[in-house]
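Novice: I'll drop the sequence and a predicted model, then ask my questions.
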Amino acid sequence: MSITTTAQKEIPSNYLNRDLSWIEFNWRVLEEAQDASTPLLERMKFLSIVSSNLDEFMSVRVAGLKDQVKAGYNKKDFTGYTPAGLLKRIMKRTSKMVNEQYKTYRDIKRQLVKEGIVFAEYEELSANQKKAMDAYYHDIIFPVLTPMAVDQSRPFPLVHNQSVYLSVVLEKEDPGDEHYFAIIQVPNNLSRYIPLTVRPNSKKREFILIEELIEQHIHTLFSGYIPVAVHAFRVTRNADLTLNEEGAEDLLEEIEKELRRRRWGSPVRLEVQESMHPYALTQLQDEFQFSDDSVFMIDGPLDLSYFMKMALSLNGFEHLRYPRIEPKYPVEFEANADFFTQLKESDVLVHHPYESFDAVTDFVVHAAYDPQVLAIKMTLYRVSGNSPIIQALAIAAESGKQVTVVVELKARFDEERNIAWARKLEKSGCHVVYGLVGLKTHAKITLVVRQEQDSLRRYVHVGTGNYNDNTARLYTDVGLFTAHSVIGEDASALFNEITGYSAPHNWQAFSVAPSDLKDKLFELIERETEHAKSGRPAYIKAKMNSLSNQQMVDVLYEASQAGVKIDLIVRGVCCLRPGVPGLSENITVRSIVDRFLEHSRIYYFENGGDTDYYISSADWMTRNLTRRIELMCPVLDPKLKKRMEHILNISMMDNIKARQLLSNGSYERISNEKAPYRSQFEAMQSISWKKLLIQE
């Protein structure tokens, strides 16, 4: 499909850059860590997320840009940046963010002390605490450590991706000017933070970082030498997989090889403790060939992602967390415990995490044990470490059911876990498929085929999020359960295309990437454009994680120019500039960053009054529309359309955690004279009266 729009003829400044937009998203996460109204341990979690996000960004996006620069590629992208120009802008903006991140860390640390949570330095410990920590070092830490000298006979050892190391500058005990250099990996299989014994008459909880303890005992590793300086450093490497899928005889084995090569990925970023000894810094920069703009001086502990585990595990500080919520079990399934009987009566829409993901797990378990179920087919992109869904699929296969599981081995940073699950499922008798060459299978769908009287009936679950019971407590997603015959037929056809040699299907309900999803979305947007030109109601509301496909931005610009009102709720990356006169004045873009990660993809088209609602696994990004197997499914039940409308409307009404994208690419908090309205808190309340909503 070829689209020529007014916007395509405009200058590149009509678009915001994807990577710079991502940095703005991570700034919004950082703002949640800075927000004094956010409970203190939740602020720790947000600060951890900033670090984890930045690690992935550096190891994938920045790594890719560095490869382009190294290869001499200097063509501008559609936003007007060359790789070199964009890389320079990214590093400058990221450096500013990291400085602000550690300023926030120091503030949170001070606030934690007031609440009785203390990160101590060795010199501050009591005599008893020092004695206990000395024993812990000698008994637990010391046996694990390996000092690695660097000199003419011992070349620089492998430095693992994103592991914390200590650089040690040494002198001989005999006076001399010569420096010696060694490194030590901080064990990542021991706790990063070590609890201290409680002082007498104290209610404080005190901790010391493991690298602080190693530094204090560094002399035990280098007899005959005097440690001059000890500083932490950390290297981020290119962690993107490069696969020749067509030439791979066994995709699973090929990915395992690539995972091993990932440890040797080219260096992308060097983080060092502030005031690092010049000799040590020179050794590291020479070894990894880092320019100054790739070196981040850190005023604090490296890698704050450890904050997440600590914030989750600290007991006795519930007042520093958000109140615990207990997800409600969907009222439809509470009223009718037999999933299949309920779905023959009506479709069911669930909204996570406000409604329990247990309903999805129970659906699969129910199917696994039901003697009338003949087959279960499912896609798995990311699953938890102890997934009950995996256990249910294995049981189903062992009991003689036909179980087909499409496992995506290329789910970034979950590859090893998915390989382990794939092997477990194969041993249980499941048919395990790794998808199609060159495409990631990102669609979220389960199909259950059941023998009922003299016919077969299909039951389907389609979701916007992964089949992961852990992240389902942290992400907002929606899922549709249905026994609609047309959706069931499309579901069967989708699995046949993925697992067999079926020709592209003539979809009745679904739209599937990469074959026709993009064209379907263009068609829906252009239909709104024609409605607007004809004076009929025309309105688009879309909720997604990212919007970066240039053609998609262009058709939205064209719709805006025709008079279509467009409200976008885009959590992260957005390349569209809203509110530009003559281009996008009818478009608004807002982002919500709150307690839960906004993850659902919901699309609404007014269609002249005959409204259409869709849920999807796909964001409006080029990779989702052209390089992945993605799914968009209509919500057909009028009562469920009301629920979809409610979910979108409360997002649009948020004036506490929502920020609006300005045409210059910056975001500002939405403030108005209306009563305070927080969409995620409202969603929690909505579940309580869901029954009334669906019975209207």
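Specialist: Thanks, I have the structure now.
Novice: separation between Ile108 and Asn99?
Specialist: From Ile108 over to Asn99 the distance is 15 Å, taken as CB to CB, to the nearest Å. Bear in mind the C-beta positions are built from the backbone N, C-alpha and C, glycine included.
Novice: Tyr603 is in contact with Met648, correct?
Specialist: Careful, residue 648 is Leu; it's not Met. No. Distance between Leu648 and Tyr603: 9.5 Å, which falls outside the contact criterion (CB atoms under 8 Å).
Novice: which residues do these two both contact?
Specialist: Listed contacts common to Leu648 and Tyr603 are 541, 543; contacts here mean CB atoms under 8 Å, 6 or more residues apart in numbering.
Novice: which strand in this protein runs the most residues?
Specialist: Taking DSSP state E as the assignment, the strand of the chain that covers the most residues is strand 225-237.
Novice: check contacts around Leu648.
Specialist: Residues in contact with Leu648 (CB under 8 Å, 6+ apart) are 541, 543, 569, 602, 604.
Novice: what about 7 Å?
Specialist: Applying CB atoms under 7 Å, 6 or more residues apart in numbering to Leu648 gives the contacts 541, 543, 602, 604.
Novice: give me the element it is part of.
Specialist: helix 638-653 (DSSP states H and E).
Novice: In that helix, which residues are buried?
Specialist: Across helix 638-653, burial judged by 16 or more other CB atoms under 10 Å covers 640-641, 643-644, 646-648, 650-653.
Novice: What of stretch 308-326?
Specialist: Of all the residues in stretch 308-326, those buried under the rule 16+ other CB under 10 Å are 308, 310-311, 314, 317, 320-322.
Novice: Likewise for stretch 133-151?
Specialist: When neighbours are counted by 16+ other CB under 10 Å, the buried residues of stretch 133-151 are found to be 133, 136-137, 141, 145, 148, 150.
Novice: Same check on stretch 577-593?
Specialist: Buried positions in stretch 577-593, judged by neighbour count with 16+ other CB under 10 Å: 577-580, 583-584, 586-593.
Novice: can you check stretch 511-523 too?
Specialist: Counting neighbours by 16+ other CB under 10 Å, stretch 511-523 gives 511-514, 516-518, 520-522 as buried.
Novice: Tabulate the residues you listed (CSV), appending pLDDT, secondary structure and distance to Arg28.
Specialist: Shown next, in CSV, are the buried residues of stretch 511-523 (pLDDT from 0 to 100; DSSP: H, G, I helix; E, B strand; the rest coil; distance: CB to CB, whole Å):
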residue, pLDDT, secondary structure, distance to Arg28
Ser511, 97, strand, 31
Val512, 96, strand, 32
Ala513, 95, strand, 28
Pro514, 94, coil, 31
Asp516, 94, coil, 34
Leu517, 96, helix, 28
Lys518, 97, helix, 28
Lys520, 97, helix, 31
Leu521, 98, helix, 26
Phe522, 98, helix, 30
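Novice: Going by contacts, tell me the helices and strands next to the helix or strand where Leu41 lies.
Specialist: Taking DSSP H and E as the definition, Leu41 sits inside helix 40-57. In terms of contacts (3 or more CB pairs under 7 Å, 6 or more residues apart in numbering; DSSP states H and E), helix 40-57 is packed against helix 18-34, helix 83-114, helix 306-313.
Novice: Name the residues that touch it?
Specialist: Helix 40-57 is contacted from outside by 22, 26, 29-30, 32-33, 101, 104-105, 108, 111-112, 115, 162, 236, 303-305, 307-308, 310-311, 314, 317, 320-322, using CB under 7 Å, 6+ apart.
Novice: can I see the domain layout of the chain?
Specialist: Structural domains assigned to the chain are 1-115, 144-195+209-301, 331-509, 514-695, following automatic domain parsing.
Novice: my read: Pro227 touches His219, true?
Specialist: Yes. Applying CB atoms under 7 Å, one finds Pro227 in contact with His219, separated by 6.0 Å.
Novice: Those two - which one has more neighbours?
Specialist: Neighbours were counted for Pro227 and for His219 using other CB atoms under 10 Å; Pro227 has more, 16 against 11.
Novice: contacting residues for the more buried one?
Specialist: Listed by CB under 7 Å, 6+ apart, the contact partners of Pro227 are 168, 170, 218-219.
Novice: Between which two of the buried residues of helix 638-653 is the distance greatest?
Specialist: Farthest apart among the buried residues of helix 638-653 by CB to CB are Leu640 and Met653. That separation is 20.4 Å.
Novice: tell me the pLDDT at Phe339?
Specialist: You'll see Phe339 listed with a pLDDT of 93.
Novice: all strands of the stretch 351-500 of the chain, in order?
Specialist: Ranges of strands within the stretch 351-500 of the chain are 373-380, 402-407, 431-433, 440-441, 445-452, 455-463, 475-482, based on DSSP state E, counting those that start in this stretch.
Novice: Dump the ones you listed to a markdown table, plus mean pLDDT.
Specialist: As requested, these are arranged in a markdown table below (pLDDT from 0 to 100):
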| stretch | mean pLDDT |
| --- | --- |
| strand 373-380 | 95 |
| strand 402-407 | 92 |
| strand 431-433 | 88 |
| strand 440-441 | 88 |
| strand 445-452 | 97 |
| strand 455-463 | 96 |
| strand 475-482 | 97 |
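Novice: quick one, which of those strands is nearest to Arg269?
Specialist: With respect to Arg269, and counting by CB to CB, the nearest of these is strand 440-441 at 25.7 Å.
Novice: List the strands paired with that closest one, with their directions.
Specialist: Looking at strand 440-441 with DSSP bridges, its partner strands are strand 628-634 (parallel).
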